[in-house]
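Peer 1: 3D, please:
(2 chains)
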Amino acid sequence: MACISPDGKPSVSGAKMLRALKAKAGSAEEVSQSAGLPLFRVRSGLRELTQAGLVSQKGEQYQLSAKGSELADSLPA
Amino acid sequence: MEEVKEEVMGLPRLGQPAPAFEAVTTQGPLKLEDYKGSWLVLFSHPADFTPVCTTEFIAFAEIFPDLQKRGVELLGLSVDSVSSHIAWARNVEEKTKVKIPFPIIADLNKEVSTAYGMIHPGQSKTETVRCVFIIDDKQVIRTILYYPLTTGRNMDEILRIIDALQTTDANGVATPANWRPGDKVVIPPPNTQEGAEERLKEGYECVDWYLCQKKL
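Peer 2: Residues are numbered from 1 along each chain as shown, chains lettered A, B, ... in the order given. Below you'll find the predicted structure:
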């Protein structure tokens, strides 16, 4: 797992995506721009975060779930 | 004989969709579809911690910024494990100060290398040869290069091919031998008698109706 460790801690890139989504829900392209990560990494990461129940997807848009918001709030700024 | 025929039939071809894959990499699990909208250079190397491959990885890392400027991502592959890839990339950085910025597929079960025809038993039954697949933003295979185990790849040629393909796509032209960006390009030849007669009046630099060039 590249974004979330087995004990639920986000990796550096996972935390960047969570922070980007905390600031604003959006498409993979938008998350890629605001997180400063390559699009392929974001697509893969969002898939992983969605499977972990931290992010939900509606069409092309991604947003944090309640569990994801809680985790994003606990991240250092 | 039949077995050989089947293997050949299964190889990817230019102009066909690149075979889909889901793979474990040094940057997490990745699918081919994650690269949609970007060009991709997918390349295989025989093995980690080997001399020619190390020179190639340094060279690929050095052209990485040039690839990014062209909207191209880079993805390596061998049949080694993720741990081996990570250890090798760290060793390369420690010894040469060159950081490997792109992911590397750990194709332990050979699924990706088989789908892309990267194992050539005449060279090695277990290792991938030095393949380069240039895949466009619509995930169509545009170029396939195969190099033997003993010959390291030429990065200038990979960049030149990408420039040529992107120029062709943007301008509907072809590129002549040894073309470099800024050189004249080839106008597609007419396919009618009338077109052939008109071609010579169109103001291009022509050897004859079928070989006309222009500056972009």
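Peer 1: which one is whichever residue of chain B sits closest to chain A nearest to, not counting chain neighbours?
Peer 2: Nearest residue of chain B to chain A (Cβ to the nearest Cβ) works out as B:Gly28 at 2.3 Å. Where you see a C-beta, it was placed from the backbone N, CA and C, and this is true even at glycine. In space, and not counting its chain neighbours, B:Gly28 is closest to A:Ala2: 2.3 Å by Cβ to Cβ, 6 or more residues apart in numbering or on different chains.
Peer 1: residue contacts, the one you found?
Peer 2: By Cβ atoms under 8 Å, 6 or more residues apart in numbering or on different chains, the contact list for A:Ala2 reads A:11, A:13-14, A:41, A:44-45, A:48, B:27-29.
Peer 1: Doesn't it belong to a strand?
Peer 2: No: A:Ala2 sits outside any strand when classified using DSSP: H, G, I helix; E, B strand; the rest coil, being coil.
Peer 1: Point out where chain B drops to low pLDDT.
Peer 2: Applying pLDDT under 70 to chain B picks out residues B:1-9.
Peer 1: one more time with 90
Peer 2: For chain B, residues meeting the criterion pLDDT under 90 lie at B:1-11, B:125-126.
Peer 1: Just list what the longest helix along it packs against, helices and strands only.
Peer 2: Assignment by DSSP state H gives helix B:51-69 as the longest helix of chain B. Secondary-structure packing of helix B:51-69 (3 or more Cβ pairs under 8 Å, 6 or more residues apart in numbering or on different chains; DSSP states H and E): strand B:72-78, helix B:82-96, helix B:155-171.
Peer 1: Point out where chain A drops to low pLDDT.
Peer 2: Using pLDDT under 90, chain A drops low at A:1-10, A:75-77.
Peer 1: now the residue in it that chain B sits nearest to: how far from B:Gln27?
Peer 2: Nearest to chain B, among the residues of chain A, is A:Ala2, at 2.3 Å (Cβ to the nearest Cβ). As judged by Cβ to Cβ, to the nearest Å, A:Ala2 and B:Gln27 stand 6 Å apart.
Peer 1: Now do the shared contacts for the two.
Peer 2: Taking Cβ under 8 Å, 6+ apart as the criterion, A:Ala2 and B:Gln27 both touch A:41, A:44.
Peer 1: How many neighbouring residues does B:Pro103 have?
Peer 2: 24 (other Cβ atoms under 10 Å in any protein chain shown).
Peer 1: List phi and psi for it.
Peer 2: Backbone torsions for B:Pro103, taken as degrees, to the nearest 10, come to phi -70, psi 160.
Peer 1: Wait, it touches B:Gly76, no?
Peer 2: Yes: counting by Cβ atoms under 8 Å, B:Pro103 touches B:Gly76, with 7.2 Å between them.
Peer 1: B:Pro176: what's it in contact with?
Peer 2: B:183-186, B:213.
Peer 1: And B:Ser44, by the same measure?
Peer 2: Neighbouring residues of B:Ser44 by Cβ under 8 Å, 6+ apart: B:76-78, B:113, B:116, B:118, B:128-131.
Peer 1: Of all pairs in the residues you listed, which one spans the longest distance?
Peer 2: By the measure Cβ to Cβ, B:Gly76 and B:Val129 form the most distant pair in the contacts of B:Ser44, at 13.7 Å.
Peer 1: More neighbours: which of those two?
Peer 2: Neighbours were counted for B:Gly76 and for B:Val129 using other Cβ under 10 Å; B:Gly76 has more, 23 against 20.
Peer 1: Against B:Pro19, how distant is the more buried one?
Peer 2: To B:Pro19, B:Gly76 is 17 Å away according to Cβ to Cβ.
Peer 1: got a list of contacts for stretch B:86-102?
Peer 2: Contacts of stretch B:86-102 with the rest of the structure, by Cβ under 8 Å, 6+ apart, involve B:26, B:48-49, B:54, B:57-58, B:60-62, B:64, B:73-76, B:80, B:104.
Peer 1: just stretch B:108-115 next, same as before
Peer 2: Residues from elsewhere that reach stretch B:108-115 (Cβ under 8 Å, 6+ apart): B:12, B:19, B:21, B:23-24, B:44, B:77, B:79-81, B:105, B:107, B:118-119, B:128.
Peer 1: what's across from the residue of chain B closest to chain A in the sheet?
Peer 2: Note on B:Gly28: beta-bridge partners by DSSP bridges are B:Thr25, B:Thr26.
Peer 1: Now do it: how many residues are near it, please.
Peer 2: Using other Cβ under 10 Å, B:Gly28 has 19 other residues around it.
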